[in-house]
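**Student:** Model the following, please.
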Amino acid sequence: MNKGKMWAGLLVVFVLGGVIGALSDRIYYQHKVISRLERIRMDKGPFMAELMITRLAETLELSEEQKQKVQSLIEENFNRIHEVFTETHPRLEKISQETVARLNGVLTPDQQKKLVEKFGNWPFMRPPPPPPPFRKGGPRGPEGGPDRPDGPPPFGPRPDK
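**Tutor:** Model prediction:
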């Protein structure tokens, strides 16, 4: 085997290793992002509150006492939002149903069928927000932060980096 073929073979192996590594990294990152987004979608209140508290505590360098007070305020805020949503959800659902009925009046039967096939019951697919309380009982995930592999992603530029 001459030297040219050997170097070409090594170069091909090196390039393929880089491509495979980059693709593997991208697939892993996409899986991590999708699983995090899925968790946000399915577990809106507690997970979002935890993200906010963690980010505020880190960014503002809160003391433990401040962190507890901020946590209480954030959870109270999510409880209030849940109450408002619970009160208004039936009205919003009625508006969505009326919109679908009016939309079906404009669409042909084939378009209506295609709408259902593509989007399902789109106004009604949203899961309701979780009921309060957020932290009383139930399993909790591991503690984390933006710099930990199991923590939340950073939200925008960080002042220390």
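**Student:** give me the element residue 4 is part of.
**Tutor:** Assigned by DSSP states H and E, residue 4 belongs to helix 3-42.
**Student:** What is that helix packed up against?
**Tutor:** Contact partners of helix 3-42 among helices and strands, from 3 or more Cβ pairs under 8 Å, 6 or more residues apart in numbering; DSSP states H and E: helix 44-60. Every residue, glycine included, has its C-beta placed from N, CA and C.
**Student:** tilt between the helix it packs on and helix 3-42?
**Tutor:** Angle of helix 44-60 versus helix 3-42, following axes from the mean of the first three to the mean of the last three Cα atoms, to 10 degrees, is 110 degrees.
**Student:** With only the CA atoms kept, save helix 44-60 in CSV.
**Tutor:** Provided in CSV are the C-alpha atoms of helix 44-60 (Å, rounded to 0.1, in the frame of the first residue of the first chain):
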residue,chain,number,x,y,z
LYS,A,44,-46.3,23.9,33.2
GLY,A,45,-46.7,25.4,36.7
PRO,A,46,-44.2,23.6,38.9
PHE,A,47,-41.4,23.3,36.3
MET,A,48,-41.8,26.9,35.1
ALA,A,49,-41.8,28.2,38.7
GLU,A,50,-38.7,26.1,39.4
LEU,A,51,-36.9,27.5,36.3
MET,A,52,-37.8,31.1,37.3
ILE,A,53,-36.7,30.6,40.9
THR,A,54,-33.4,29.0,39.9
ARG,A,55,-32.6,31.6,37.3
LEU,A,56,-33.5,34.5,39.7
ALA,A,57,-31.5,33.0,42.5
GLU,A,58,-28.4,32.5,40.3
THR,A,59,-28.6,35.8,38.5
LEU,A,60,-29.4,38.0,41.5
